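Q: Model the structure of this input:
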Amino acid sequence: MQRQVLRFLVILGLVVIPLVFFAGTNRGEETPYRAADLRATAAALDERATEVAAAATQLAPVAVARSAAATVAPPRTLPGSRSAPIAFGDRFTASDGLEVRVFAVDFDAWAVVQAENQFNQPPEAGMRMILVSLEVTNHARAYVDVPRSVRTSRFRLVGNRGIVYAPFESNNRCGVIPDEMNWELFTGATVSGNVCVQTPSDESEFHLVYLPGTGWQEDGVFFALP
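A: Residues are numbered from 1 along each chain as shown. Next comes the predicted model:
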């Protein structure tokens, strides 16, 4: 719209200025245009330029709003997305061919972690340990002769605050846990294991997230925890 305004003003200048100059330099001579006609044309063009500028001013906020809205990615609604997580106990095959199922959750797992290793430290004040039990099956046919790795580093917890908790971060680690998810498996093999993360005690509505790649790609899978 701004380009249209500038283009119109340039055209206005190119039309009106020569006409006015022609009228002024040819006073007393016969001209095809009368001074009154030229002044009327200039006034009409000036009025039209004012209208275009006003319209551009009104449309500018709308254009900015549309541009801002276009930069915000819409939420995913496919099964496995945060807005449509996989139900507790259901199986889901991720983009890497690994099928994941959450079959148990302990929202206060310090006693279990403590029993696993006497040197484990208790949760920090205001924190708790959440232990998630998983089953994973390798369905990746393209890797029949190559095992696939499934480790705790591929998992995260996200609660109602929207904060991501990783099991390997110093503030979120549980220590040595029983049956930690750390396997390599060929196609057709099934394993089970645990993922443990420290989170704030007053947070709820957790999702376990499995990341098939090395980062937060669009194919990350969310599993609802009960």
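Q: Pretty sure Ala111 sits in a helix.
A: Yes - counting by DSSP: H, G, I helix; E, B strand; the rest coil, Ala111 falls inside a helix.
Q: so how far is Gly159 from it?
A: The spacing between Ala111 and Gly159, counted by C-beta to C-beta, to the nearest Å, is 22 Å. Using the backbone N, CA and C atoms, a C-beta is placed for each residue, glycine as well.
Q: what do you get for Gly80?
A: For Gly80, the distance to Gly159 equals 18 Å [C-beta to C-beta].
Q: quick one on the thing from earlier: so Ala111 and Gly159 - more neighbours on which side?
A: Shown here are Ala111 and Gly159; by other C-beta atoms under 10 Å, Gly159 has more neighbours (18 against 10).
Q: check contacts around the nearest residue to the more buried one once chain neighbours are set aside.
A: Of all residues not flanking Gly159 in the chain, Glu203 sits nearest, at 4.0 Å (C-beta to C-beta, 6 or more residues apart in numbering). Glu203 makes contact with Gly159, Asn160, Arg161, Ile163 under the criterion C-beta atoms under 8 Å, 6 or more residues apart in numbering.
Q: Now, of the residues you listed, which are buried?
A: Buried members of the contacts of Glu203, scored by 16 or more other C-beta atoms under 10 Å, are Gly159.
Q: Inside helices: which ones of the contacts of Glu203?
A: Per DSSP state H, helices hold no members of these.
Q: Dump the contacts of Glu203 to CSV, plus pLDDT.
A: Shown next, in CSV, are the contacts of Glu203 (pLDDT from 0 to 100):
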residue, pLDDT
Gly159, 97
Asn160, 97
Arg161, 97
Ile163, 97
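Q: Over to the residue nearest to Gly159. Which of the three states is it?
A: coil.
Q: Number the chain from 854, please
A: Got it, first residue is 854 now, which makes that one Glu1056.
Q: For Gly942, see how far away it is.
A: For Glu1056, the distance to Gly942 - C-beta to C-beta - is 22 Å.
Q: repeat for Pro1000
A: Taken as C-beta to C-beta, the span from Pro1000 to Gly942 is 26 Å.
Q: Could you give the number of residues near Pro1065?
A: By other C-beta under 10 Å, neighbour count at Pro1065 equals 15.
Q: any idea of the pLDDT on the residue nearest to Ala993 when sequence neighbours are not counted?
A: In space, and not counting its chain neighbours, Ala993 is closest to Gly950: 2.8 Å by C-beta to C-beta, 6+ apart. Looking at Gly950, its pLDDT stands at 93.
Q: Arg994 is in contact with Gly950, correct?
A: Yes - counting by C-beta atoms under 8 Å, Gly950 does reach Arg994; the two are 7.3 Å apart.
Q: and for those two, which residues touch both?
A: Thr1040.
Q: Between those two, which is the more surrounded one?
A: Applying other C-beta under 10 Å to Gly950 and Arg994 shows that Gly950 carries more neighbours, namely 16 against 9.
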